[in-house]
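Visitor: coords below, sequence missing:
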């Protein structure tokens, strides 16, 4: 594994390196917990389009990162408006994709989102 080194304050460098990272199994951004970097709409927005490219080596990983981001938003932040933003930015497009492609992993992420949103909307969320 090779850790990418670049200027994290440079948005173009971030985009360029996230593209490299998405298509190269040997590249990592951080040694530990790199998925947490993407628990942010802006960062997730950069890698989000790659989950629709079946040639993307980290496609499944990106989908799982989004699912973990949804879980984190549901369990920690408990904000319906935050989940609605995630839906507008990511989940609606995933639902459209799943309506024409039989993608079980992506559909599982969409279903999990709907479950969390419904649970939060009904006020049945309990602290763990």
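Guide: Arrived safely. These figures come from a predicted structure and were not determined experimentally.
Visitor: Flag the shaky bits of the chain, pLDDT-wise.
Guide: 77-78, 123-128 (pLDDT under 70).
Visitor: which residues in it form strands?
Guide: Here the chain has its strands, by DSSP state E, at 2-3, 27-28.
Visitor: right, so those: which one is the most enclosed?
Guide: strand 27-28 (a mean of 16; mean count of other CB atoms under 10 Å). Every C-beta, even on glycine, is put in place using the N, C-alpha and C of the backbone.
Visitor: Name every strand pairing with that strand and say which way it goes.
Guide: Partner strands and pairing direction for strand 27-28 (DSSP bridges) are strand 2-3 (parallel).
Visitor: What's the local residue count around the nearest residue to residue 45 once chain neighbours are set aside?
Guide: Sequence neighbours aside, residue 89 is the residue nearest to residue 45 in space, at 6.4 Å (criterion: CB to CB, 6 or more residues apart in numbering). Residues lying near residue 89 (other CB atoms under 10 Å) number 14.
Visitor: wait, isn't residue 89 in contact with residue 42?
Guide: No - using CB atoms under 8 Å, residue 89 makes no contact with residue 42, being 9.8 Å away.
Visitor: check contacts around the nearest residue to residue 85 once chain neighbours are set aside.
Guide: Distances taken as CB to CB, 6+ apart place residue 41 nearest to residue 85, at 6.6 Å, with adjacent residues excluded. Contacts for residue 41 were tallied using CB atoms under 8 Å, 6 or more residues apart in numbering; they are 85, 86, 89.
Visitor: gap between residue 53 and residue 4?
Guide: 20 Å (CB to CB, to the nearest Å).
Visitor: quick one: which of these two has more around it?
Guide: Between residue 53 and residue 4, residue 4 has the larger neighbour count (other CB under 10 Å), namely 17 against 12.
Visitor: The residue nearest to that one when sequence neighbours are not counted: neighbouring residues, count only.
Guide: Leaving aside its chain neighbours, residue 4 sits nearest to residue 17 (5.0 Å; criterion: CB to CB, 6+ apart). Residues near residue 17, counting by other CB under 10 Å, number 19.
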